[in-house]
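> Turn this into a structure:
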Amino acid sequence: MMPQRKEMTTEMGNGTMVQEFTLEGFPAVQHLGKVLFMVHLLAYLASLTGNVVIVTITCADSLLQTPMYFFLSIFSFTECCVTSSVIPKLLVIFLLGPQTISFPACFIQAFVFLFLGAAGFFLMAVMSVDRYVAICKPLHYPTIMNPRTGLLLVTACFSLGLTLITVLVVKVSQLSFCGPHVIPHFFCDLGPLIHLSCSDTTSVETLTFVLALCILLTSLIITIIAYSNIVVTIICLPSAKERRKAFSTCSSHLIVLSLMYGSCVFIYVKPKQTNRLESNRGAALVTTVVTPLLNPVIYTLRNKQVHQSLREMMCRIKISK
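Down below sits the predicted model:
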(Lines give C-alpha, C1' and ligand atoms only; values in the text may rest on other atoms or scores of the structure.)
Protein backbone atom coordinates (compact mmCIF):
# COMPACT_ATOMS: atom_id res chain seq x y z
CA MET A 1 0.00 0.00 0.00
CA MET A 2 1.32 3.43 -0.96
CA PRO A 3 1.79 5.55 2.17
CA GLN A 4 0.04 8.87 2.33
CA ARG A 5 2.33 11.77 1.63
CA LYS A 6 2.14 15.49 1.38
CA GLU A 7 2.47 16.71 -2.23
CA MET A 8 5.52 18.89 -2.68
CA THR A 9 5.32 20.70 -5.99
CA THR A 10 6.13 24.15 -7.22
CA GLU A 11 4.29 26.03 -9.91
CA MET A 12 6.28 26.22 -13.12
CA GLY A 13 4.68 27.72 -16.22
CA ASN A 14 1.49 25.87 -17.09
CA GLY A 15 2.37 22.82 -14.99
CA THR A 16 4.13 21.84 -11.78
CA MET A 17 7.66 20.79 -10.97
CA VAL A 18 8.08 17.68 -8.84
CA GLN A 19 10.08 18.39 -5.68
CA GLU A 20 10.33 14.79 -4.49
CA PHE A 21 9.90 11.28 -5.85
CA THR A 22 8.55 8.07 -4.39
CA LEU A 23 10.70 4.95 -4.75
CA GLU A 24 8.29 2.11 -5.37
CA GLY A 25 10.64 -0.79 -4.67
CA PHE A 26 9.16 -4.25 -5.31
CA PRO A 27 5.39 -3.94 -4.69
CA ALA A 28 4.69 -7.51 -5.89
CA VAL A 29 6.70 -8.97 -2.99
CA GLN A 30 6.21 -6.23 -0.39
CA HIS A 31 4.25 -8.70 1.78
CA LEU A 32 7.60 -10.52 2.23
CA GLY A 33 9.24 -7.26 3.29
CA LYS A 34 10.66 -8.42 6.63
CA VAL A 35 12.14 -11.59 5.15
CA LEU A 36 13.64 -9.68 2.21
CA PHE A 37 14.95 -7.06 4.63
CA MET A 38 16.88 -9.70 6.57
CA VAL A 39 18.19 -11.41 3.42
CA HIS A 40 19.43 -8.18 1.86
CA LEU A 41 20.78 -6.86 5.17
CA LEU A 42 22.88 -10.00 5.60
CA ALA A 43 24.04 -9.81 1.96
CA TYR A 44 24.94 -6.13 2.40
CA LEU A 45 26.89 -6.73 5.60
CA ALA A 46 28.68 -9.72 4.07
CA SER A 47 29.56 -7.66 1.00
CA LEU A 48 30.90 -4.79 3.09
CA THR A 49 32.87 -7.15 5.33
CA GLY A 50 34.41 -9.04 2.41
CA ASN A 51 35.45 -5.94 0.50
CA VAL A 52 36.76 -4.19 3.64
CA VAL A 53 38.84 -7.28 4.43
CA ILE A 54 40.41 -7.14 0.96
CA VAL A 55 41.27 -3.45 1.40
CA THR A 56 42.61 -4.05 4.92
CA ILE A 57 44.89 -6.99 4.14
CA THR A 58 46.18 -5.26 1.00
CA CYS A 59 47.24 -2.26 3.09
CA ALA A 60 48.55 -4.34 6.01
CA ASP A 61 50.55 -7.04 4.19
CA SER A 62 53.68 -5.86 2.38
CA LEU A 63 53.60 -8.97 0.15
CA LEU A 64 50.24 -7.84 -1.26
CA GLN A 65 51.37 -4.29 -2.01
CA THR A 66 51.70 -4.98 -5.72
CA PRO A 67 49.86 -3.32 -8.65
CA MET A 68 47.40 -6.23 -8.96
CA TYR A 69 46.28 -5.99 -5.32
CA PHE A 70 46.39 -2.20 -5.39
CA PHE A 71 43.85 -2.19 -8.25
CA LEU A 72 41.81 -4.88 -6.49
CA SER A 73 41.68 -2.88 -3.24
CA ILE A 74 40.55 0.25 -5.10
CA PHE A 75 37.90 -1.81 -6.88
CA SER A 76 36.72 -3.30 -3.56
CA PHE A 77 36.50 0.16 -2.00
CA THR A 78 34.46 1.32 -5.01
CA GLU A 79 32.09 -1.63 -4.59
CA CYS A 80 31.55 -0.72 -0.92
CA CYS A 81 30.59 2.82 -1.94
CA VAL A 82 28.28 1.64 -4.75
CA THR A 83 26.31 -0.68 -2.49
CA SER A 84 26.17 1.89 0.32
CA SER A 85 24.65 4.46 -2.03
CA VAL A 86 21.70 2.18 -2.82
CA ILE A 87 21.14 -0.69 -0.36
CA PRO A 88 20.27 1.28 2.83
CA LYS A 89 17.28 2.86 1.06
CA LEU A 90 16.26 -0.55 -0.31
CA LEU A 91 16.30 -1.97 3.23
CA VAL A 92 14.00 0.82 4.43
CA ILE A 93 11.63 0.13 1.52
CA PHE A 94 11.47 -3.57 2.42
CA LEU A 95 10.76 -2.69 6.06
CA LEU A 96 8.37 0.26 5.71
CA GLY A 97 7.13 0.25 2.11
CA PRO A 98 7.66 2.84 -0.67
CA GLN A 99 9.82 5.79 0.41
CA THR A 100 10.07 9.41 -0.70
CA ILE A 101 13.33 11.01 -1.76
CA SER A 102 13.91 14.68 -2.51
CA PHE A 103 14.76 15.89 -6.00
CA PRO A 104 18.40 16.82 -5.13
CA ALA A 105 18.95 13.63 -3.12
CA CYS A 106 17.59 11.54 -6.00
CA PHE A 107 20.05 12.99 -8.48
CA ILE A 108 22.93 12.79 -6.02
CA GLN A 109 22.18 9.09 -5.56
CA ALA A 110 22.01 8.56 -9.34
CA PHE A 111 25.30 10.43 -9.80
CA VAL A 112 27.19 8.52 -7.09
CA PHE A 113 25.93 5.15 -8.32
CA LEU A 114 26.69 5.80 -12.00
CA PHE A 115 30.00 7.59 -11.43
CA LEU A 116 31.40 4.80 -9.26
CA GLY A 117 29.92 2.19 -11.59
CA ALA A 118 31.62 3.75 -14.62
CA ALA A 119 34.91 4.07 -12.71
CA GLY A 120 34.54 0.38 -11.76
CA PHE A 121 34.32 -0.67 -15.41
CA PHE A 122 37.41 1.34 -16.29
CA LEU A 123 39.19 -0.22 -13.31
CA MET A 124 38.31 -3.68 -14.60
CA ALA A 125 39.88 -2.76 -17.94
CA VAL A 126 43.01 -1.56 -16.13
CA MET A 127 43.13 -4.84 -14.19
CA SER A 128 42.98 -6.70 -17.52
CA VAL A 129 45.94 -4.69 -18.80
CA ASP A 130 47.81 -5.43 -15.56
CA ARG A 131 47.30 -9.18 -16.06
CA TYR A 132 48.38 -8.84 -19.71
CA VAL A 133 51.66 -7.16 -18.75
CA ALA A 134 52.28 -9.65 -15.90
CA ILE A 135 51.77 -12.72 -18.11
CA CYS A 136 52.87 -11.55 -21.55
CA LYS A 137 55.73 -9.23 -20.54
CA PRO A 138 56.87 -10.53 -17.14
CA LEU A 139 60.42 -9.16 -17.39
CA HIS A 140 59.17 -5.63 -18.03
CA TYR A 141 56.31 -5.82 -15.49
CA PRO A 142 58.10 -4.06 -12.55
CA THR A 143 59.13 -1.22 -14.86
CA ILE A 144 55.79 -0.76 -16.65
CA MET A 145 53.46 -1.27 -13.68
CA ASN A 146 55.28 0.83 -11.11
CA PRO A 147 53.41 2.65 -8.28
CA ARG A 148 53.34 5.94 -10.22
CA THR A 149 51.75 4.27 -13.27
CA GLY A 150 49.20 2.50 -11.05
CA LEU A 151 48.20 5.76 -9.39
CA LEU A 152 47.91 7.54 -12.76
CA LEU A 153 45.72 4.75 -14.16
CA VAL A 154 43.38 4.83 -11.15
CA THR A 155 43.16 8.62 -11.34
CA ALA A 156 42.34 8.39 -15.06
CA CYS A 157 39.55 5.85 -14.35
CA PHE A 158 37.85 8.11 -11.81
CA SER A 159 38.40 11.30 -13.81
CA LEU A 160 36.90 9.79 -16.97
CA GLY A 161 33.93 8.36 -15.04
CA LEU A 162 33.38 11.69 -13.28
CA THR A 163 33.41 13.68 -16.54
CA LEU A 164 31.07 11.40 -18.48
CA ILE A 165 28.53 10.86 -15.70
CA THR A 166 28.47 14.53 -14.66
CA VAL A 167 27.52 15.51 -18.22
CA LEU A 168 24.75 12.90 -18.29
CA VAL A 169 23.27 13.56 -14.84
CA VAL A 170 23.27 17.34 -15.36
CA LYS A 171 21.49 16.84 -18.68
CA VAL A 172 18.79 14.64 -17.09
CA SER A 173 18.36 17.00 -14.12
CA GLN A 174 17.49 19.82 -16.54
CA LEU A 175 14.42 17.94 -17.80
CA SER A 176 10.98 18.99 -16.59
CA PHE A 177 9.28 16.66 -14.09
CA CYS A 178 5.60 17.55 -13.80
CA GLY A 179 4.32 14.23 -12.52
CA PRO A 180 3.83 11.35 -11.97
CA HIS A 181 6.33 11.21 -9.15
CA VAL A 182 6.52 7.41 -8.53
CA ILE A 183 9.78 5.80 -9.67
CA PRO A 184 9.21 2.09 -10.44
CA HIS A 185 12.57 1.15 -8.97
CA PHE A 186 14.34 0.83 -5.61
CA PHE A 187 16.79 3.68 -6.29
CA CYS A 188 17.09 6.73 -8.53
CA ASP A 189 18.40 5.22 -11.74
CA LEU A 190 18.39 7.42 -14.84
CA GLY A 191 16.19 5.16 -17.00
CA PRO A 192 13.10 5.39 -14.76
CA LEU A 193 13.77 9.09 -14.14
CA ILE A 194 13.84 9.84 -17.87
CA HIS A 195 10.61 7.88 -18.23
CA LEU A 196 8.90 10.21 -15.70
CA SER A 197 9.90 13.43 -17.46
CA CYS A 198 7.27 15.48 -19.26
CA SER A 199 9.95 16.97 -21.58
CA ASP A 200 11.07 15.63 -24.94
CA THR A 201 13.59 13.02 -23.84
CA THR A 202 14.84 11.87 -27.26
CA SER A 203 18.21 13.63 -27.01
CA VAL A 204 18.76 12.54 -23.39
CA GLU A 205 17.92 8.92 -24.18
CA THR A 206 20.32 9.00 -27.11
CA LEU A 207 23.05 10.51 -24.90
CA THR A 208 22.43 7.85 -22.22
CA PHE A 209 22.67 5.07 -24.80
CA VAL A 210 25.84 6.51 -26.40
CA LEU A 211 27.64 7.06 -23.07
CA ALA A 212 26.65 3.61 -21.75
CA LEU A 213 27.85 2.05 -24.98
CA CYS A 214 31.06 4.09 -24.82
CA ILE A 215 31.85 3.09 -21.22
CA LEU A 216 31.00 -0.58 -21.66
CA LEU A 217 32.55 -1.00 -25.11
CA THR A 218 35.77 0.83 -24.22
CA SER A 219 36.40 -1.35 -21.18
CA LEU A 220 35.22 -4.49 -23.02
CA ILE A 221 37.46 -3.92 -26.07
CA ILE A 222 40.50 -3.31 -23.85
CA THR A 223 39.66 -6.46 -21.88
CA ILE A 224 39.17 -8.60 -25.00
CA ILE A 225 42.47 -7.42 -26.53
CA ALA A 226 44.32 -8.03 -23.25
CA TYR A 227 42.88 -11.51 -22.69
CA SER A 228 43.30 -12.55 -26.33
CA ASN A 229 47.03 -11.93 -25.94
CA ILE A 230 47.01 -13.63 -22.54
CA VAL A 231 45.35 -16.78 -23.95
CA VAL A 232 47.87 -16.95 -26.83
CA THR A 233 50.77 -16.57 -24.38
CA ILE A 234 49.38 -19.17 -21.96
CA ILE A 235 48.82 -21.73 -24.73
CA CYS A 236 52.46 -21.33 -25.74
CA LEU A 237 53.74 -22.06 -22.22
CA PRO A 238 55.66 -25.37 -22.19
CA SER A 239 54.52 -26.61 -18.77
CA ALA A 240 50.94 -27.67 -17.98
CA LYS A 241 51.50 -26.49 -14.40
CA GLU A 242 52.46 -23.02 -15.63
CA ARG A 243 49.37 -22.91 -17.87
CA ARG A 244 47.07 -23.85 -14.96
CA LYS A 245 48.66 -21.22 -12.72
CA ALA A 246 48.32 -18.51 -15.38
CA PHE A 247 44.68 -19.38 -16.09
CA SER A 248 43.94 -19.46 -12.35
CA THR A 249 45.15 -15.87 -11.86
CA CYS A 250 42.80 -14.69 -14.63
CA SER A 251 39.70 -16.81 -14.01
CA SER A 252 38.45 -14.78 -11.01
CA HIS A 253 38.69 -11.56 -12.99
CA LEU A 254 36.79 -13.09 -15.93
CA ILE A 255 33.94 -14.32 -13.69
CA VAL A 256 33.47 -10.86 -12.15
CA LEU A 257 33.62 -9.27 -15.61
CA SER A 258 30.87 -11.59 -16.90
CA LEU A 259 28.55 -10.70 -14.01
CA MET A 260 29.13 -6.95 -14.38
CA TYR A 261 28.85 -6.75 -18.16
CA GLY A 262 25.84 -9.04 -18.35
CA SER A 263 23.67 -7.05 -15.94
CA CYS A 264 24.77 -3.57 -17.08
CA VAL A 265 24.36 -4.27 -20.81
CA PHE A 266 20.83 -5.51 -20.06
CA ILE A 267 19.96 -2.35 -18.11
CA TYR A 268 21.65 0.49 -19.97
CA VAL A 269 22.48 -0.45 -23.56
CA LYS A 270 19.02 0.15 -25.00
CA PRO A 271 18.19 3.07 -27.29
CA LYS A 272 14.76 3.37 -25.63
CA GLN A 273 15.07 3.61 -21.85
CA THR A 274 11.33 3.16 -21.27
CA ASN A 275 11.52 -0.49 -22.26
CA ARG A 276 11.74 -3.25 -19.67
CA LEU A 277 11.68 -1.02 -16.59
CA GLU A 278 10.18 -3.86 -14.57
CA SER A 279 12.88 -6.41 -15.49
CA ASN A 280 15.59 -3.79 -14.95
CA ARG A 281 14.89 -3.90 -11.23
CA GLY A 282 15.91 -7.55 -11.09
CA ALA A 283 19.05 -6.94 -13.15
CA ALA A 284 19.92 -3.96 -10.92
CA LEU A 285 19.83 -6.26 -7.87
CA VAL A 286 22.59 -8.34 -9.49
CA THR A 287 24.72 -5.21 -9.92
CA THR A 288 24.07 -3.75 -6.47
CA VAL A 289 23.73 -6.85 -4.26
CA VAL A 290 24.94 -10.07 -5.90
CA THR A 291 28.12 -8.91 -7.69
CA PRO A 292 29.58 -6.93 -4.73
CA LEU A 293 28.82 -9.93 -2.49
CA LEU A 294 30.50 -12.44 -4.82
CA ASN A 295 33.56 -10.32 -5.66
CA PRO A 296 35.44 -10.93 -2.39
CA VAL A 297 34.56 -14.63 -2.50
CA ILE A 298 35.65 -15.03 -6.13
CA TYR A 299 38.89 -13.11 -5.66
CA THR A 300 39.94 -14.79 -2.40
CA LEU A 301 38.84 -18.44 -2.70
CA ARG A 302 41.37 -19.22 -5.45
CA ASN A 303 44.16 -17.00 -4.11
CA LYS A 304 46.77 -18.61 -1.86
CA GLN A 305 48.49 -15.31 -1.10
CA VAL A 306 45.26 -13.84 0.25
CA HIS A 307 44.61 -17.00 2.28
CA GLN A 308 48.07 -16.73 3.83
CA SER A 309 47.62 -13.02 4.59
CA LEU A 310 44.25 -13.70 6.23
CA ARG A 311 45.74 -16.44 8.41
CA GLU A 312 48.61 -14.19 9.47
CA MET A 313 46.24 -11.32 10.23
CA MET A 314 44.01 -13.58 12.35
CA CYS A 315 47.06 -14.86 14.22
CA ARG A 316 48.21 -11.30 14.96
CA ILE A 317 44.71 -10.42 16.26
CA LYS A 318 44.72 -13.49 18.56
CA ILE A 319 48.19 -12.71 19.88
CA SER A 320 47.29 -9.07 20.56
CA LYS A 321 44.37 -10.25 22.71
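
> Give the other helices and strands that whichever strand or helix holds Thr155 contacts.
Using DSSP states H and E, Thr155 sits within helix 147-173. Where contact means 3 or more CB pairs under 8 Å, 6 or more residues apart in numbering; DSSP states H and E, helix 147-173 is packed against helix 67-96, helix 103-136, helix 190-196, helix 202-235. In this view, the C-beta of every residue, glycine as well, is placed from N, C-alpha and C.

> got the angle between the first one and helix 103-136?
Translated: helix 67-96. 150 degrees (axes from the mean of the first three to the mean of the last three CA atoms, to 10 degrees).

> same deal with the last one?
Relative orientation of helix 202-235 versus helix 103-136 (the same axes, to 10 degrees): 20 degrees.

> Low-confidence stretches in the stretch 201-321 of the chain?
242, 245-253, 263, 265-279, 300-304, 307, 316-318, 320-321 (pLDDT under 70).

> Could you tell me the model confidence score at the residue positioned nearest the centre of the chain?
The residue lying closest to the centre of the chain (CA atoms, centre = their mean) is Gly117, at 3.9 Å. On the pLDDT scale, Gly117 is placed at 91.

> Now for it: which residues touch it?
Contacts for Gly117 were tallied using CB atoms under 8 Å, 6 or more residues apart in numbering; they are Val82, Gly161, Cys264, Thr287.

> One more pass at 7 Å, please.
For Gly117, the contact set (CB atoms under 7 Å, 6 or more residues apart in numbering) comprises Val82.

> That one and Leu72, how far apart?
Using CB to CB, to the nearest Å, Gly117 is found at 17 Å from Leu72.

> Next, format the helices and strands packed on helix 147-173 as a markdown table and append distance to Arg311.
Shown next, in a markdown table, are the helices and strands packed on helix 147-173 (distance: least, CB to CB, whole Å):
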| stretch | distance to Arg311 |
| --- | --- |
| helix 67-96 | 16 |
| helix 103-136 | 24 |
| helix 190-196 | 44 |
| helix 202-235 | 29 |
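
> quick one, which of these is nearest to Leu151?
Each of the helices and strands packed on helix 147-173 was scored for nearness to Leu151 using CB to CB, and the closest is helix 67-96 (8.5 Å).

> Which strands or helices does the closest one pack on?
Applying 3 or more CB pairs under 7 Å, 6 or more residues apart in numbering; DSSP states H and E, one finds that helix 67-96 makes contact with helix 33-60, strand 99-102, helix 103-136, helix 147-173, helix 291-301.
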